[in-house]
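> Quick one: sequence plus predicted model below, questions after.
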Amino acid sequence: MLAIVDYEAGNQTSVARALKSLGIACLITDSPQTLACADGVIFPGVGAAPQAMRKLEASGIGDILRSIVEKNIPLLGICLGCQILLEESEEGPCKCLGILPGKARKFHDNLRQEDGSAAPVPHMGWNGIRKVGQSRILEGIADNAEFYFVHSYYPEPAEEMVLATTSYGRKFCAIYGRDGLWAAQFHPEKSGRAGLGLLANFNAWCEGKR
């Protein structure tokens, strides 16, 4: 079973709905025991990094997430969850979980698309991603597959951890991580077939680690 972290920061229900459409058993929970016993953990989120970090640290879930990674329980961060797995965010600014090296950066004002048109922030819409090397989380997903993004900040992890990029006013990291620990800036649960494929890949990895 997959556990979806509940820390009052957004889109847990839509993630659960997407998993259930794939026949994947899941539970939304803030229980340390349930999270520690799950086959894998999904860490979603929407909203602002400073508020999310206050909730995570006050509830102890931040330490639970660090422990999950130390125990090699598979983890997938989504959107805000993707950003606050890193060391810090320019939003606030604030210190983040520090599970992986890097920083969440703010899109600059007056962004322009390649054709010279305005690129409003927040970035909301569909973007194709370009793979960087091979990764199990992107297995079977075509290069340039489109995913749905909603964000004003983007992850800037250590370069060797970048698994796919996209462009919106500038090139930025769309997904990063390593086997068993991944983070996606886009919303796979809102990204149609490609997004469901990514969630299925995560579940397949988790089942293989039972």
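It's in. Numbering: from 1, shown residues only.
> residues making contact with the strand ranked longest in the chain?
In the chain, taking DSSP state E as the definition, the longest strand is strand 171-178. Contact partners of strand 171-178, identified using CB atoms under 8 Å, 6 or more residues apart in numbering, comprise 82, 100, 102, 105, 127, 129, 135, 137-138, 147, 154-157, 161-166, 182-186. No exception for glycine: its C-beta is placed from N, CA and C like everyone else's.
> make it 6 Å
With contact meaning CB atoms under 6 Å, 6 or more residues apart in numbering, strand 171-178 is reached by 129, 154-155, 157, 161-166, 183-185.
> Turn the buried ones among those into a named ChimeraX selection, would you?
Of the contacts of strand 171-178, the buried ones go into a single ChimeraX selection, burial set by 16 or more other CB atoms under 10 Å:
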select :129,154,155,157,161,162,163,164,165,166,183,184,185
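> Among the contacts of strand 171-178, name the ones in strands.
Those of those lying in strands (DSSP E): 154, 155, 157, 162, 163, 164, 165, 166, 183, 184.
> possible to save those as CSV with distance to residue 175 and pLDDT?
As requested, these are exported to CSV (distance: CB to CB, whole Å; pLDDT from 0 to 100):
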residue, distance to residue 175, pLDDT
154, 11, 98
155, 9, 98
157, 10, 98
162, 8, 98
163, 5, 98
164, 5, 98
165, 9, 98
166, 9, 97
183, 7, 98
184, 5, 98
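> quick one: which of the residues you listed is nearest to residue 116?
When the ones in strands among the contacts of strand 171-178 are ranked by distance to residue 116 (CB to CB), residue 166 comes first, at 18.8 Å.
> Residue 114 versus that closest one, what's the distance?
According to CB to CB, to the nearest Å, residue 166 stands 12 Å off from residue 114.
> sorry, back to before: next one: the longest strand of the chain to chain centre, how far?
9 Å (CA atoms, centre = their mean, to the nearest Å).
> Just checking: what are the partner strands of that strand?
strand 162-167 (antiparallel), strand 181-184 (antiparallel) (DSSP bridges).
> Thanks a lot, catch you later.
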